[in-house]
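Student: Test case, fold it:
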Amino acid sequence: MDLSTAVTATVSTLRRRPADLLPFYFLGTAVPVIARTALLLALAGAYLHAELTGGIDAVRDALAEADLTPPNLEDPEAVERWAEGLVPAFEPLVSPTAVAIVVAGVATAVLISVLAYAAVSAGQMSAVAARLRSKRGLTVGIAGVRDRWLTFLGLYVAELLLWLGVVLLTSVAVGVAALVGGPLVGAVVGLGALLVGGAALALVRIVFAFAPAAIVVDDAGVFGAVEGAGGFVRSNPVDAIAYLVVAVGVLVAISSAASALAFLGGGAVVALASAVVAAPALDLLKTVLYGDHRGAVDPVDPPEASVRAQFTGGVRRSMAETRVFVRRTPGTHLLVVAVGVAGGVAGWMLAEPFVGVVPTSIEARLAGHLPPAAALEFFGNNWTVTIATAFGGIALVLPALSSIAFNGLALGAVAALEGNLPALVAFVIPHGLLEIPAIVVSGALGVRLGVVAWRAFRGRLSRVGFADAVENAFWVTVGIGVVLAVAALIEGFFSPYYWRPFL
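Tutor: Coordinates of the predicted model:
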């Protein structure tokens, strides 16, 4: 199969029933939220330890006696001296037990990230292969998470070890040459080692790029997948190089767009598009190429509806699914509201000792505000947060609730430190009437997914029922995105300005 045909098959598969594939990529954006939960629990444990051992009271007493008046912020040396003078006040918080709790939390978060990425990758690639065989991606992907997560973990470890081995051998060769033959010989050997090592690393990357496709197409283990991917690269070097060129081109395009939009404040949209559009497209493309090599895929035809008709139909369906979900889960929404309010109160109380010490200003944050760029950034950031909150709930509810509590904590702390609270409230109200309920809905959706996942894990819900719930969650999340797009336009173009003549 030539590259043009493979790209056409990729686009057709991505357009036809995206809700049967993209939820696994939405889940990929939730991995940091899932892992962060361990760190938040560790920080909460360290705070509780400090509270019980009198560390918090000692900090409050030290701050009460210290000169908290901030210096002229335009004098860096004065700010540095002032900050250094406050450091001793916080020393009671740093105890061996607190440090051990935080270190354990960080280690746990890293471990969860590694395992979760392996499991999510297994689901993503299994769903991709299923869609290319005209099967339901979600049900096959759910089975793939259970059956193949360890294989994907082993594949990633194997590639890491190969990279480390190539780098180590190259470094040793250069070091020995320089030690035996002198600097000139070392430089010559170093240049050769750089070329050989670079070629070896490129070969490793291209083989391991197709190895995930080999796992799901051939139902292979780590060694079988590497062998199959190596055979594909040997038999189809043009296709393999073409894929590598496309992948690098996409990476460069994303990096360029991120750099350009980051300057304007729209980097979050690029990151989101990379995770839920570029990533599935590249996974589909390499699986189409490898699967055609194996004669094991049957790409679907393009949908008959136009892109515009698909988009408008998807928006209508997402809004309908969102309304139904909200009506059917009032108790879950009340629980999420309670968690968010509790987080806000906690944030206000925790920030209270720093009022006047770390002042914030909504007017200062809006300085240099560019409405189009700001609206784009608000939308990208907020939709990313809600997607991660909703799909993070699959990990047994807690990540969704911790995300809601964290956002409430941040909002409460910002409100407590705000120098002009009426202006902050006036700024938040217009877009907040849409944005805050959208975040609450995402939290409720996360709770529902967590309950469904637990029932499926216990064998009380079939794989098909679990897949139906995940697909419904996808449409609700898209509906939340539509609401957040409207909120972002209001926040970018209206909220920063209307209140200024009155406050």
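Student: CA only for contacts and neighbour counts going forward, please
Tutor: Will do.
Student: can you pull the buried residues of the worst-scoring helix or strand of the chain on mean pLDDT?
Tutor: Every helix and strand of the chain was ranked by mean pLDDT, DSSP states H and E. The lowest is helix 76-86, at a mean of 76. Under the neighbour-count criterion of 16 or more other CA atoms under 10 Å, helix 76-86 has W82 buried.
Student: With just CA atoms, put it into PDB.
Tutor: Taking Å, rounded to 0.1, in the frame of the first residue of the first chain, the C-alpha atoms of helix 76-86 are listed here in PDB:
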ATOM      1  CA  PRO A  76      15.600  42.000  42.800                       C
ATOM      2  CA  GLU A  77      18.200  42.100  45.500                       C
ATOM      3  CA  ALA A  78      15.700  43.400  48.000                       C
ATOM      4  CA  VAL A  79      13.200  40.800  47.000                       C
ATOM      5  CA  GLU A  80      15.800  38.100  47.400                       C
ATOM      6  CA  ARG A  81      16.800  39.300  50.900                       C
ATOM      7  CA  TRP A  82      13.200  39.500  51.900                       C
ATOM      8  CA  ALA A  83      12.500  35.900  50.700                       C
ATOM      9  CA  GLU A  84      15.600  34.600  52.400                       C
ATOM     10  CA  GLY A  85      14.400  36.200  55.600                       C
ATOM     11  CA  LEU A  86      11.100  34.300  55.400                       C
END
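Student: How far off centre is that helix?
Tutor: 35 Å (CA atoms, centre = their mean, to the nearest Å).
Student: what does stretch 321-341 give?
Tutor: When C-alpha coordinates are averaged (CA atoms, centre = their mean), stretch 321-341 and its chain have centres 24 Å apart.
Student: do stretch 456-470 as well
Tutor: On CA atoms, centre = their mean, the centre of stretch 456-470 falls 24 Å from the chain's centre.
Student: likewise stretch 88-103?
Tutor: The gap between the average C-alpha position of stretch 88-103 and the chain average comes to 29 Å, counting by CA atoms, centre = their mean.
Student: Can you pull out the residues in contact with that stretch?
Tutor: Residues from elsewhere that reach stretch 88-103, judged by CA atoms under 8 Å, 6 or more residues apart in numbering: 39, 42-43, 45-47, 49-50, 55-56, 58-59, 62-63.
Student: Now with 7 Å, please.
Tutor: Stretch 88-103 has contacts (CA atoms under 7 Å, 6 or more residues apart in numbering) with A42, L43, A46, H49, A50, G55, A58, V59, A62, L63.
Student: so how far is F494 from the last one?
Tutor: Between L63 and F494 the computed distance is 40 Å (CA to CA, to the nearest Å).
Student: With the first one instead?
Tutor: In this structure, A42 and F494 are separated by 40 Å, where distance is defined by CA to CA.
Student: Report how many residues lie close to G141.
Tutor: G141: 28 surrounding residues under other CA atoms under 10 Å.
Student: Name the next helix or strand downstream of the helix or strand that contains it, please.
Tutor: Element membership for G141, per DSSP states H and E: helix 137-181. Counting by DSSP H and E, the next helix or strand C-terminal to helix 137-181 is helix 183-218.
Student: May I see the buried residues of that next one?
Tutor: Residues 185-187, 189-190, 193-194, 197, 201, 204-218 are the ones in helix 183-218 that count as buried (16+ other CA under 10 Å).
Student: Ok, stretch 487-503 next?
Tutor: By neighbour count, with 16+ other CA under 10 Å as the criterion, the buried positions of stretch 487-503 are A487, A488, L489, I490, E491, G492, F493, S495, P496.
Student: Let's see which of those end up in helices.
Tutor: Counted as lying in helices by DSSP state H, out of those, are A487, A488, L489, I490, E491, G492, F493.
Student: which residue packs closest to the last one, ignoring adjacent ones?
Tutor: Nearest in space to F493, with sequence neighbours left out and distances taken as CA to CA, 6 or more residues apart in numbering, is P371 at 5.2 Å.
Student: Likewise for the third one?
Tutor: Closest residue to L489 apart from its sequence neighbours, by CA to CA, 6+ apart: A375 at 5.3 Å.
Student: So what touches the host helix or strand of the one you found?
Tutor: A375 belongs to helix 371-392 when elements are defined using DSSP H and E. If you take CA under 7 Å, 6+ apart as the criterion, helix 371-392 is touched by 26-27, 29-31, 33-34, 264-269, 272, 399-400, 403, 439, 442-443, 445-446, 477, 481, 484-485, 488-489, 491-493.
Student: and if you look at stretch 476-483?
Tutor: Taking CA under 7 Å, 6+ apart as the rule, stretch 476-483 contacts V315, S318, M319, E321, T322, W383, I387, L434, A438.
Student: List the residues that contact the second one.
Tutor: So the one you mean is S318. Neighbour list for S318: W475, V476, V478, G479 [criterion: CA under 7 Å, 6+ apart].
Student: follow-up on the earlier one: beyond the least confident helix or strand of the chain, next helix or strand please.
Tutor: Under the assignment DSSP H and E, the closest C-terminal helix or strand after helix 76-86 is helix 96-131.
Student: Could you check that following helix and say which residues are buried?
Tutor: Under 16+ other CA under 10 Å, the buried positions of helix 96-131 are 98, 101-102, 105-106, 108-110, 112-113, 115-131.
Student: Give me the distance from that helix to the chain's centre.
Tutor: That offset, for helix 96-131, works out to 12 Å (CA atoms, centre = their mean).
Student: With stretch 472-488 instead?
Tutor: Averaging C-alpha positions (CA atoms, centre = their mean) puts stretch 472-488 17 Å from its chain's average.
Student: How about stretch 34-50?
Tutor: Centroid displacement of stretch 34-50 relative to its chain, using CA atoms, centre = their mean, is 20 Å.
Student: which stretches of the stretch 351-500 of the chain have low pLDDT?
Tutor: Scanning the stretch 351-500 of the chain with the threshold set as pLDDT under 70 gives 356-359.
Student: now the helices: where do they sit in it?
Tutor: 362-365, 371-392, 398-417, 421-457, 463-493 (DSSP state H, counting those that start in this stretch).
Student: The ones you listed: which one's closest to R234?
Tutor: Closest approach to R234 among the helices of the stretch 351-500 of the chain (CA to CA): helix 463-493, 37.8 Å.
Student: Show me the chain divided up by domain.
Tutor: The record's domain split for the chain, according to automatic domain parsing, is 3-40+99-294, 305-493.
Student: Can you add distance to V87 and give the ones you listed back as a markdown table?
Tutor: Output for these, formatted as a markdown table (distance: least, CA to CA, whole Å):
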| stretch | distance to V87 |
| --- | --- |
| domain 3-40+99-294 | 17 |
| domain 305-493 | 14 |
